[in-house]
Structures are given as C-alpha cells and as structure tokens.
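Enquirer: Any chance you can model this:
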Amino acid sequence: MAKKGIKSDKGENKKEEQKKGFIWNVPNALTLSRLVFTFILIYLILFGYPENFMLVGVLFVIAAVTDWFDGFFARKLNQKSELGARLDQVIDRVFMIPIIIVLLYKFYSIDQNLAFLLAACLSREIVGTPGLVIRMIRNTDAYRVKYIGKVVTFVQSIAIILIIFRFDNVIYFWITVLAAIATGLLGIIAGFDYLRDSLK
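Expert: Next up, the predicted model:
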C-alpha cells in the first residue's frame, strides 16, 4: 500500500509540475511564437505592403505552419493540456483578426475586390462572437475545439495567403475567390454551430 501511495504522490507531483511549466513546452512555444509574428506582420503590412508582399506572405505561411504543428507536437510529445488548448485558441484569434483587419485597411485602396474577400474571411469571428460572450457570462467552457473549427482555420489561412501574394493571373484570382467564399460559408456554419452550443 505504501508503494501505491508513493506512486500516487509522484503522479500528482508530475501533474503539478506540468501545470506550472505548461508554458515552456514545445507546442505552447509554437503557439506563443504566433503572437510575435502578429506584431511583426502588422508592422510590415502597415508600413511596407504591397512592396514587401513576398516577406509578408512568407512570414504568414510560417506563422500558419506553427498553428498546424502545435497540436501535432502536443499529441506526439504527450504535452496536451487544457491551458495549452485555451492558449492556442486565444492566440489564434489575436493573430488572425488584427491581421485581416489591417489587410482590409490596406486592400481597400489597393484592390476592393480582394478587400471584400478578406471581409468574408471574418465570418466565423463575426457570427461566433455572441456565443463566446454567452459562454463567458455563463462561465462555461468557451474554448472547446470542434473539427469544423479546425477546417475553417485551415481554409482561412489558405485564403489569406493567396490574397497576400495576389499574383496577376486569372486562374489564381478565381482560386482565391473560391478559397475566400469557402472560408466565408464554413465560417458562418462554424459560427452558428458555436452559437447554438452556447445557448444550450
């Protein structure tokens, strides 16, 4: 019985250490790196785009890749945590929303067609915000991840990457349009799904 007690204590200590040190693991380091990319990209977009579009595009791709890989490493390295999942979703919004808004501001004078496509990429955030407010008021889990949300994030990233590079090609333009429309429609579905769950 004593051995079981010692083993249990070790397990509790390990869990406590993980809670204290969650911020320093690999997936959360990748997540936090997106916060750094956010400030860099906003600066580059405001004070250099479209001249530096290649740099902006490459940095955005790298930031998007960290979002795709933080979950992979969390599973692979057994470093999943509730706090890590919440941090990931908060940083996702802090990263994506300001960058889309700043790009909207820029594209309104560069190419209004692409500006409208960027606005479509905000559909999930617009529709889902009331659900987030409701969950915060009710003190329920505001950060539960669903598959549709992951799909929207992936398609949204692709659409924004295409818009940033905006190569002068008819086929490229229509691929960009389709990606943005897909983001808008999936975002509306995901937003209403989130809102429905919030009202239960």
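
Enquirer: C-alpha from now on. contacts and neighbour counts both.
Expert: OK.

Enquirer: Show me where the chain dips below the pLDDT cut-off.
Expert: 1-23, 141-145 (pLDDT under 70).

Enquirer: Find the residue at the geometric middle of it.
Expert: Central residue of the chain (CA atoms, centre = their mean): residue 92, 2.8 Å from the mean position.

Enquirer: what helix or strand is that residue on?
Expert: helix 82-110 (DSSP states H and E).

Enquirer: Which strands or helices does that helix pack on?
Expert: helix 26-48, helix 112-120 (3 or more CA pairs under 8 Å, 6 or more residues apart in numbering; DSSP states H and E).

Enquirer: do that again at 10 Å, thanks
Expert: With contacts taken as 3 or more CA pairs under 10 Å, 6 or more residues apart in numbering; DSSP states H and E, helix 82-110 sits against helix 2-20, helix 26-48, helix 53-76, helix 112-120, helix 123-138, helix 147-165.

Enquirer: and the fifth one, C-alpha only, in PDB?
Expert: Output of helix 123-138 as PDB, limited to C-alpha atoms (Å, rounded to 0.1, in the frame of the first residue of the first chain):
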ATOM      1  CA  SER A 123     -17.400  35.400 -41.000                       C
ATOM      2  CA  ARG A 124     -16.700  32.900 -38.200                       C
ATOM      3  CA  GLU A 125     -15.400  35.600 -35.800                       C
ATOM      4  CA  ILE A 126     -18.400  37.800 -36.500                       C
ATOM      5  CA  VAL A 127     -21.100  35.100 -36.100                       C
ATOM      6  CA  GLY A 128     -19.400  33.300 -33.300                       C
ATOM      7  CA  THR A 129     -18.600  36.300 -31.000                       C
ATOM      8  CA  PRO A 130     -22.100  36.400 -29.300                       C
ATOM      9  CA  GLY A 131     -21.600  32.700 -28.500                       C
ATOM     10  CA  LEU A 132     -18.200  33.500 -26.900                       C
ATOM     11  CA  VAL A 133     -19.800  36.300 -24.800                       C
ATOM     12  CA  ILE A 134     -22.700  34.000 -23.700                       C
ATOM     13  CA  ARG A 135     -20.200  31.300 -22.600                       C
ATOM     14  CA  MET A 136     -18.100  33.800 -20.700                       C
ATOM     15  CA  ILE A 137     -21.300  35.100 -18.900                       C
ATOM     16  CA  ARG A 138     -22.400  31.600 -18.100                       C
END
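
Enquirer: And that helix, how far out from the chain middle?
Expert: A distance of 16 Å separates the centroid of the chain from that of helix 123-138, by CA atoms, centre = their mean, to the nearest Å.

Enquirer: Next, the angle from it to helix 82-110.
Expert: 140 degrees (axes from the mean of the first three to the mean of the last three CA atoms, to 10 degrees).

Enquirer: Could you do the last one as well?
Expert: Relative orientation of helix 147-165 versus helix 82-110 (the same axes, to 10 degrees): 40 degrees.

Enquirer: how far does the helix or strand just after helix 147-165 sit from the chain's center?
Expert: On the C-terminal side of helix 147-165, the closest following helix or strand by DSSP H and E is helix 170-199. With CA atoms, centre = their mean as the basis, helix 170-199 stands 14 Å off its chain's centre.
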